[in-house]
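> Pasting the sequence and the predicted model now:
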Amino acid sequence: MKMMSITFDFTLIDNYSIIITVAGFCIVLATLSLSVCFFTQLHSLLDIMAKRKLKKQGSATHDDTQKVVMTGEENAAIATALYLFFSELHDEEKYVMTIRKVSRTYSPWNSKIYGIWNTMKHW
Amino acid sequence: MNTLQTLFSLWEDTGFHNANWGNIGMIIVGMILLFLSIRYSIKPLLLIPLSVGIVLGNIPFFHEAAYHIGIYQDGSVLNYLFLGVLKGIYPALIFLGLGAMTDLSPLISNPKLMLLGAAAQIGIFATFLGAMVFGFPMPESAAIAIIGAADGNTAIFLTSQVANTLGTSGEGMAVQSLIGPIAIAAYLYMALVPVIQPPIMKLLTTKKERLIRMKPSRTVSRFEKILFPLLGLLLTAFVAPASLPLLGMFFFGNILKESGLTKQLATTASTIMIDIVVILIGFTVGASTQADVFLKWQSLLIFILGAVAFMVATAGGVVFAKVMNLFLKKENRINPLVGAAGVAAIPDSAKVAHEMGIKEDPTNHLINHAMAPNIAGLIGSAITAGLLLGFLF
């Protein structure tokens, strides 16, 4: 293993590296915060647009009181049922009965005549 | 050439003649990793190619031979396969596959959880300064710090760009090839997520906080699912263009999935293609740990700094979740365990948050909520990598 002198010197941190650290973290935080604001507002905007569309069509608008609130468990149960249905994992029999004939070739190793129990009877 | 000379030349070519303790040590390390991954099923998809790569990369050979076989020898088969790592091709392809298999609904339905992914980046930036204190040049420090994301692909991508060959940094300091130790450290911490994170999460949270039940996620429309990757791509690409190979591919993969019209492309990207790339990246990264390049004191320091980065990132996410709770209404509060999923180890850290939640309350399922900061962590760390790349060049 090649030896290396391990330094521990705080003066190695120059201004540029501090700028990188502070600016870098702030930019990441700002970018993701901007996404948070945008997507929080987007949902409200889509809701308003959907209401307007329904109003234009003359249908009843769906206000918050009519909103269907479902828990995660209910969602999961519906999703599982749909998944099983579309994956055709539910039981479905063919209703055709067949008897599969299995042919075995004769071998003295599985012969009843030469079976070990027959031999034991004579003992 | 007489018979004796021919036999001697043959002997010189064999591994027995060229073996040194470094090679043998690394082969043993590879064997141990292989044993652990097979016997205890520790990340077998990752560790088996990696450990076989370690063994293969350390078979001693005659360096002066006319034929090239070593991974660092130009023109060898391994060298060509390693190009995918050196040029950052494999990480980009893996991001494409990740995008094609990731459902962004948890993030879209609760966008505020995205901030936890941003908070966890504190580990990367803190370690960047920490590595500089230990005398690493700036590019190497950036590459080491990105281990804090606990995402091997981001780490390989950044290292391949800033610390993959012997050269000089802007300040005239020698920059070394650190891909081997950094990739191994990042993959190792990805595998050790269930070991490293829980004690930190437990230390920083109270039982009451761990029992917090979060509001169920709302249903997300198809329109939102398509809009998110598109806007995400534009926003991140404009902020940090250097992260385009990673995030561009990630969001592209997600558009393939969510469009609903390119199912076979999304399936190929998220199954067959990603499997091929995982084989190649794991194997070549393992093979890059050739003893003479890998066994240095710096490697040990990189492992320690990487662990610190990962631990700080975990703590950053948990603490930020607690801070957010101070400003949120009671019904909107966040379970701080979810904050630990702000690191980019998808989906391991989300699973850890879920399992810890289950331990406290068997009916409190956090996996769906934890996936949101987990995805945000992946996006955040790729932006961070892009920013660091932009700052350094």
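Yep, that arrived.
> Which elements pack onto the longest helix anywhere in chain A?
In chain A, ranked by residue count with DSSP state H as the criterion, the top helix is helix A:15-56. When contacts are defined as 3 or more Cβ pairs under 8 Å, 6 or more residues apart in numbering or on different chains; DSSP states H and E, helix A:15-56 packs onto helix B:114-119, helix B:122-133, helix B:138-145, helix B:222-239, helix B:367-392. Any C-beta I mention is one placed from the backbone N, CA and C, and that applies to glycine too.
> A:Arg104: which element?
Assigned by DSSP states H and E, A:Arg104 belongs to no helix or strand.
> mind checking how far it is from A:Val36?
From A:Arg104 across to A:Val36, the span is 71 Å (Cβ to Cβ, to the nearest Å).
> quick one, what contacts B:Ala143?
Counting by Cβ atoms under 8 Å, 6 or more residues apart in numbering or on different chains, B:Ala143 touches B:Ala155, B:Leu158, B:Thr159, B:Val162, B:Ala163, B:Leu178, B:Ile182.
> can you pull the pLDDT of it?
pLDDT for B:Ala143: 90.
> ok, it to B:Leu305 distance?
B:Ala143 is 11 Å from B:Leu305, by Cβ to Cβ.
> quick revisit: pipe the helices and strands packed on helix A:15-56 into a markdown table and attach distance to B:Leu50 per row.
Below are the helices and strands packed on helix A:15-56 laid out as a markdown table (distance: least, Cβ to Cβ, whole Å):
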| stretch | distance to B:Leu50 |
| --- | --- |
| helix B:114-119 | 26 |
| helix B:122-133 | 23 |
| helix B:138-145 | 19 |
| helix B:222-239 | 29 |
| helix B:367-392 | 21 |
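> can you tell which of those is closest to A:Ser44?
Set against A:Ser44 and scored by Cβ to Cβ, the helices and strands packed on helix A:15-56 come closest in helix B:222-239, at 12.0 Å.
> follow-up on the earlier one: adding neighbour count, write the contacts of B:Ala143 out as a markdown table.
Shown next, in a markdown table, are the contacts of B:Ala143 (neighbours: other Cβ atoms under 10 Å in any protein chain shown):
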| residue | neighbour count |
| --- | --- |
| B:Ala155 | 32 |
| B:Leu158 | 34 |
| B:Thr159 | 30 |
| B:Val162 | 24 |
| B:Ala163 | 25 |
| B:Leu178 | 26 |
| B:Ile182 | 29 |
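> Out of those residues, name the ones that lie in helices.
Using DSSP H, the contacts of B:Ala143 in helices are B:Ala155, B:Leu158, B:Thr159, B:Val162, B:Ile182.
> Just give the nearest non-adjacent residue to the fourth one, would you?
Translated: B:Val162. Closest residue to B:Val162 apart from its sequence neighbours, by Cβ to Cβ, 6 or more residues apart in numbering or on different chains: B:Pro139 at 3.9 Å.
> try B:Gln161
Per Cβ to Cβ, 6+ apart, closest to B:Gln161 is B:Leu389, 5.6 Å.
> In chain B, which helix is the longest?
helix B:297-327.
> Would you mark the buried spots in it?
B:298-299, B:301-303, B:305-322, B:324-325 (16 or more other Cβ atoms under 10 Å in any protein chain shown).
> what pLDDT, on average, does it get?
Helix B:297-327 carries an average pLDDT of 91.
> again with stretch B:223-231
Here the average pLDDT along stretch B:223-231 is 90.
> Same question for stretch B:14-27.
Here the average pLDDT along stretch B:14-27 is 84.
> ditto for stretch B:148-155
Mean predicted confidence for stretch B:148-155 is 86.
> anything in that stretch sitting right up against chain A?
No - if you take Cβ under 8 Å from any Cβ of the partner chain as the test, stretch B:148-155 misses chain A, and the best it gets is 11.3 Å.
> what's the straight distance from one end of that stretch to the other?
For stretch B:148-155, the first-to-last residue distance is 9 Å (Cα to Cα, to the nearest Å).
> which residues touch it?
Outside stretch B:148-155, the residues touching it (Cβ under 8 Å, 6+ apart) are B:46, B:90-91, B:94-95, B:121, B:123-124, B:126-127, B:143, B:146-147, B:182-183, B:185-187, B:189-190, B:193, B:246, B:281, B:285, B:306, B:309-310, B:312-313, B:343-346, B:349, B:377-378, B:381-382, B:384-385.
> can we see that at 6 Å?
B:91, B:94, B:123-124, B:127, B:146-147, B:182-183, B:186-187, B:189-190, B:309-310, B:313, B:343-345, B:381-382, B:385 (Cβ atoms under 6 Å, 6 or more residues apart in numbering or on different chains).
> and what of stretch A:23-43?
By Cβ under 6 Å, 6+ apart, stretch A:23-43 touches B:Pro111, B:Lys112, B:Met114, B:Ala118, B:Gln121, B:Phe125, B:Val239, B:Gly380, B:Ile383, B:Thr384, B:Leu387.
> Can I get the residues you listed in JSON lines including neighbour count?
Below are the contacts of stretch A:23-43 laid out as JSON lines (neighbours: other Cβ under 10 Å):
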{"residue": "B:Pro111", "neighbour count": "22"}
{"residue": "B:Lys112", "neighbour count": "17"}
{"residue": "B:Met114", "neighbour count": "26"}
{"residue": "B:Ala118", "neighbour count": "30"}
{"residue": "B:Gln121", "neighbour count": "31"}
{"residue": "B:Phe125", "neighbour count": "28"}
{"residue": "B:Val239", "neighbour count": "19"}
{"residue": "B:Gly380", "neighbour count": "31"}
{"residue": "B:Ile383", "neighbour count": "27"}
{"residue": "B:Thr384", "neighbour count": "30"}
{"residue": "B:Leu387", "neighbour count": "25"}
